[in-house]
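> Just the structure for this:
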Amino acid sequence: MLIGQGIDAHRFEPGRPLVLGGVEIPHDHGLAAHSDGDVVIHALCDALLGAAGLGDIGHHFPDTDAAYAGIDSRILLARVMDALRERDLAVHNADLTIAAQRPKLAAHIAAMRETLAADLDCPQARVNVKATTTERMGFTGRGEGIAAFAVVLLDAS
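Model (predicted):
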């Protein structure tokens, strides 16, 4: 068994779609990033890569590479999963937390779990997604952006 953790945060930017956990969320701002800005998947990729001892998302998909400009983060996650499979590693479970004062995310959690479970090739019951506010403290509490935290457990064959 291998454990990994990841974190990501991005500020809000007008004129972009908001994508979290592979799901587009209706909101007046998206997240500023070289890719689609999906902080949930970015934190998850870092957790997966960390558990496997493979560095981090910035090493594999640098923001200086035009090939990743605007890329769907689910594509990045698929590439991370390919790297895990090459090493006979499988996701046992994933636990994700989204810190956002806005928008409210409860109505979108089930869709995120479904999407991520499919991408991780594991039962939906083993993918937990939760959201919290920061009680108006810090950059997330002031509504300046969103952060995500991920912890994963991998099975090594």
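> how far does the strand or helix carrying I3 sit from the chain's center?
In this structure, I3 sits in strand 2-14 according to DSSP states H and E. Here the centre of strand 2-14 is set off from its chain's centre by 6 Å, with CA atoms, centre = their mean, to the nearest Å.
> That strand pairs with which strands, and in what direction?
Applying DSSP bridges, strand 2-14 is found paired with strand 29-31 (antiparallel), strand 145-156 (antiparallel).
> ok, then the element right after the shortest one?
Put plainly, it is strand 29-31. Next along from strand 29-31, by DSSP H and E: helix 39-52.
> Give me the helices and strands touching that following helix, please.
strand 2-14, helix 57-60, helix 73-86, strand 89-99, helix 109-120, strand 145-156 (3 or more CB pairs under 8 Å, 6 or more residues apart in numbering; DSSP states H and E). For glycine as for every other residue, the C-beta is placed from the backbone atoms N, C-alpha and C.
> that older thread, now do the helix or strand following the strand holding I3, average pLDDT.
With elements assigned by DSSP H and E, the helix or strand that comes after strand 2-14 is strand 18-20. What strand 18-20 shows for mean pLDDT is 98.
> Turn the strands paired with strand 2-14 into JSON lines, columns for distance to D72 and mean pLDDT.
Output for these, formatted as JSON lines (distance: least, CB to CB, whole Å; pLDDT from 0 to 100):
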{"stretch": "strand 29-31", "distance to D72": "13", "mean pLDDT": "95"}
{"stretch": "strand 145-156", "distance to D72": "16", "mean pLDDT": "97"}
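> Need these in CSV (columns: distance to A67).
Converted to CSV, these look like this (distance: least, CB to CB, whole Å):
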stretch, distance to A67
strand 29-31, 20
strand 145-156, 23
